[in-house]
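Participant: need a 3D model of the sequence below.
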Amino acid sequence: MSYMKFEAKLTKLHLQDYLDVEYKIGLLWRAYMYVFRNAIEEDAKGLARLRQKVWSENYRGIFHDEMIDNFDFDMHELKFLNQINDPEIEMFIIENDGNQIGYFSFNTTAQESMGMFGLRLISLYILYEYQNKGIGTKIFSHIRKYCSDKNILNFYNTCNMYNFNAIEFYKKMGGIVIFEDSGHENKFENQVYLEYIV
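Facilitator: Residues are numbered from 1 along each chain as shown. Here you go, the predicted model:
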């Protein structure tokens, strides 16, 4: 092999090594782009706006249009304030580059509800453009660690039975449908209950 060919091959290998490292750094950077932080009272107004946007993106055809188009921001802001100040609820903001892109909340202790006992995942909302980027998986890892640290053996959540994408995601996270609350006149009242073993 001539020196020039050897040098070209060596340069190509070095370039591939560089690209591999750059790719791995990119994955690490992407993982750190999304930050979870505890919600504070000043977040309540932004959370209400975020909920309305998520509803509009994901629940058209499930919720009545007037529930979304005539969204009561003041009422939902008050609900968020109550949750933020509730010592039995952990509420987290999901941020990307300082912007709120979602939120999730859960009870701090195992509780009984609808015949189920465990930690309850109350809410998990992510803007559509940030879905399928690994954020939900990271959230579930956070919840599983919380449960493990508290010696809680399982957790559960509810999901509208017509939100098929969300149900598919929850099943990928290990959720098992325990029962369905269906037959209601309004589609938004029909729910499935999913349980997760820690």
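Participant: show me the domain layout of this protein.
Facilitator: Taking automatic domain parsing as the domain assignment, the record places the domains of the chain at 1-35, 39-197.
Participant: let me have those in a markdown table, adding mean neighbour count and mean pLDDT as columns.
Facilitator: Where you see a C-beta, it was placed from the backbone N, CA and C, and this is true even at glycine. As requested, the domains of the chain are arranged in a markdown table below (neighbours: other Cβ atoms under 10 Å; pLDDT from 0 to 100):
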| stretch | mean neighbour count | mean pLDDT |
| --- | --- | --- |
| domain 1-35 | 10 | 51 |
| domain 39-197 | 16 | 94 |
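Participant: longest strand anywhere in this protein?
Facilitator: For the chain, the strand that runs over the most residues, judged by DSSP state E, is strand 116-126.
Participant: name every strand pairing with it and say which way it goes.
Facilitator: According to DSSP bridges, strand 116-126 forms sheet pairs with strand 99-107 (antiparallel), strand 111-113 (antiparallel), strand 154-160 (parallel).
Participant: using PDB, write out every CA atom in the last one.
Facilitator: Taking C-alpha atoms only, strand 154-160 is exported to PDB below (Å, rounded to 0.1, in the frame of the first residue of the first chain):
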ATOM      1  CA  ASN A 154     -46.600  -0.600  42.300                       C
ATOM      2  CA  PHE A 155     -48.200   2.500  40.800                       C
ATOM      3  CA  TYR A 156     -51.100   3.200  38.500                       C
ATOM      4  CA  ASN A 157     -52.800   5.800  36.300                       C
ATOM      5  CA  THR A 158     -55.900   6.400  34.300                       C
ATOM      6  CA  CYS A 159     -56.100   7.300  30.600                       C
ATOM      7  CA  ASN A 160     -59.000   8.100  28.400                       C
END
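Participant: just give the nearest non-adjacent residue to residue 76, would you?
Facilitator: Using Cβ to Cβ, 6 or more residues apart in numbering and skipping the chain neighbours, the partner closest in space to residue 76 is residue 48 (4.1 Å).
Participant: using a markdown table, please lay out the strands paired with strand 116-126 together with distance to residue 69.
Facilitator: Below are the strands paired with strand 116-126 laid out as a markdown table (distance: least, Cβ to Cβ, whole Å):
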| stretch | distance to residue 69 |
| --- | --- |
| strand 99-107 | 22 |
| strand 111-113 | 31 |
| strand 154-160 | 19 |
